[in-house]
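Engineer: Just a sequence and a predicted model for now, questions to come.
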Amino acid sequence: MRASVVFGVICAGCSDPRVVLGVNTIDATTDAATDADAATDAATDAGVATDAATDADAATDAATDADAATDATTGAGVLNCSTSGPGRSDCGADSESCCTSLEVPAGTYYRTFTNSGAGPTAEADPATVSGFRLDKYLVTVGRFRSFVAAWNGGAGWVPAAGSGRHAHLNGGRGLVIGGVPGTYEPGWIASDDANVAPTDANLACVGSLAPDLAPGSTYGTWTPSAAGQENLPITCVNWYEAYAFCIFDGGFLPSEAELEYASVGGSAQREYPWGTTDPGRSYQYAVYGCYYPSISGSCTGVANIGPVGTAALGSGLWGQLDLAGNVWEWTLDWHASYVDPCLDCANLTAGSMRSTQGGNFNTGTTAFPPFRGQDNPSDPGPYAYGIRCARSP
């Protein structure tokens, strides 16, 4: 049997999960409409050399945000790496597109198992997963920025009702709801619009307390304007914001079975995403245990969160990075006991907690896959939670 964590905060060497509480305020400051007006003005003045030179940067930035919002409404492709820049085109050791998405082939595996390096044992709860694509990198601050601009303080973009389904499955109906034969995932529910609030205050995790970390420390990677943290994974996002972002980005949230399948190498059911090598304390395989960046084992703030792809030796079987550590990853499912059998299924019967995977920069190896985490989906500013999107094959 696997244990479950309430908020997903476990210190290295600690045996009990700790609950983290957070209080945040809403401070809607983003104004994409202003940028759009700047873009219009620049286009009008294009023939005037002096004005065009002055307005060129503002016009380019505004056009990028406006195009992203327009394309997202129509569900067109990956949106947030169409222009180069920090956190969009320079991820990983090869400084590649931060939107790189890799194929995960279909297969069957056991969701419950143990593996101490000699192969999987105590297998139970089989699941079959159809092929899909899973982003190589966690969503960066740089990628998230255009989503915040398009949301525009609640006056702009929101997901269309029913969007975000696994449209490549079951004739467009999506995943099967586990335990309820003949029913399928509903996609985005319009009433959930109110739970999307990526304000500067919420993304700063103001008031978020972490009992195993330094008192008063903050772990929000977001900055109100682009600064030196664009390559860090976005943190402090609730489940609704994670789901909405993936829809905005042309994808969907992976199911718990899909993300775990990719993290354990499918039927290989690896000890760690990368194999059997102990991750040690050098953060070559995973950013965890407060070992990044000084190997001290003590966390003090955002500095303990690594840029996406930092743990370059920790790639999973199909090439994804940070499948263990750095930030917890939201999945589509409500957290509950597994339903067997599972063929492209997800637990979408409403509960109180959503399932998470991966552990974070503070947890020990016991939180690595196949450990199942969980958290309140509307928890304001969950400091160690981020996003990884999936896509149709």
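Structural biologist: Arrived safely.
Engineer: which stretches of the stretch 201-350 of the chain have low pLDDT?
Structural biologist: Low-confidence regions of the stretch 201-350 of the chain, defined here as pLDDT under 70, cover residues 206-216.
Engineer: For it, just list every one of the strands.
Structural biologist: With DSSP state E, counting those that start in this stretch as the criterion, the stretch 201-350 of the chain has strands at 328-334, 342-343, 345-346.
Engineer: just checking, what packs against the first one?
Structural biologist: Using 3 or more CB pairs under 8 Å, 6 or more residues apart in numbering; DSSP states H and E as the contact test, the elements touching strand 328-334 are helix 239-248, helix 256-263, strand 354-357, strand 385-386. Every C-beta, even on glycine, is put in place using the N, C-alpha and C of the backbone.
Engineer: The strands of the stretch 201-350 of the chain: which one's closest to Ser378?
Structural biologist: Go through the strands of the stretch 201-350 of the chain one by one with CB to CB and the one that ends up closest to Ser378 is strand 328-334, at 11.9 Å.
Engineer: Tell me the strands beside that closest one, with direction?
Structural biologist: Within its sheet, and counting by DSSP bridges, strand 328-334 is paired with strand 354-357 (antiparallel), strand 385-386 (parallel).
Engineer: Reformat those strands as JSON lines; add distance to Glu260.
Structural biologist: Compiled in JSON lines, the strands paired with strand 328-334 are given as follows (distance: least, CB to CB, whole Å):
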{"stretch": "strand 354-357", "distance to Glu260": "6"}
{"stretch": "strand 385-386", "distance to Glu260": "17"}
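Engineer: Compare those strands and give me the one nearest His335.
Structural biologist: Using CB to CB as the criterion, the shortest distance between His335 and the strands paired with strand 328-334 is 4.4 Å, found for strand 354-357.
Engineer: Which strands or helices does the helix or strand following the closest one pack on?
Structural biologist: Elements were assigned by DSSP states H and E; along the chain past strand 354-357, the next helix or strand is strand 372-375. Helices and strands touching strand 372-375, as assessed by 3+ CB pairs under 8 Å, 6+ apart, comprise strand 4-5, strand 354-357.
Engineer: Could you dump the helices and strands packed on strand 328-334 into CSV with distance to Pro377 and mean neighbour count added?
Structural biologist: Shown next, in CSV, are the helices and strands packed on strand 328-334 (distance: least, CB to CB, whole Å; neighbours: other CB atoms under 10 Å):
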stretch, distance to Pro377, mean neighbour count
helix 239-248, 3, 26
helix 256-263, 13, 27
strand 354-357, 4, 28
strand 385-386, 10, 28
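Engineer: so which of those comes closest to Ser82?
Structural biologist: Across those, the minimum distance to Ser82, taken as CB to CB, is reached by helix 239-248, at 13.0 Å.
Engineer: Tell me what angle that closest one forms with strand 328-334.
Structural biologist: Angle of helix 239-248 versus strand 328-334, following axes from the mean of the first three to the mean of the last three CA atoms, to 10 degrees, is 90 degrees.
Engineer: Tabulate the CA atom coordinates of helix 239-248 in CSV.
Structural biologist: Only the C-alpha atoms of helix 239-248 are listed here, as CSV (Å, rounded to 0.1, in the frame of the first residue of the first chain):
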residue,chain,number,x,y,z
TRP,A,239,-5.3,23.0,-9.7
TYR,A,240,-7.7,25.2,-11.7
GLU,A,241,-4.9,27.5,-12.9
ALA,A,242,-2.8,24.5,-13.9
TYR,A,243,-5.7,23.0,-15.9
ALA,A,244,-6.6,26.4,-17.4
PHE,A,245,-2.9,27.0,-18.4
CYS,A,246,-2.6,23.7,-20.2
ILE,A,247,-5.8,24.4,-22.2
PHE,A,248,-4.5,27.9,-23.0
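Engineer: ok, and what's touching that helix?
Structural biologist: When contacts are defined by CB atoms under 8 Å, 6 or more residues apart in numbering, helix 239-248 is touched by residues 68, 72, 75, 79, 139, 144, 147, 150, 157-159, 163-164, 188, 192, 195-198, 237, 252-253, 330, 332, 354, 375, 377-378, 385-387, 389-390.
Engineer: what do you get if the cut-off is 7 Å, keeping everything else the same?
Structural biologist: With contact meaning CB atoms under 7 Å, 6 or more residues apart in numbering, helix 239-248 is reached by 72, 79, 139, 144, 147, 150, 157, 159, 163-164, 188, 192, 195-196, 198, 252-253, 330, 354, 377-378, 387, 389.
Engineer: ok, back up a step: Serialize the strands paired with strand 328-334 to JSON lines and add fields for mean pLDDT.
Structural biologist: As requested, those are arranged in JSON lines below (pLDDT from 0 to 100):
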{"stretch": "strand 354-357", "mean pLDDT": "98"}
{"stretch": "strand 385-386", "mean pLDDT": "96"}
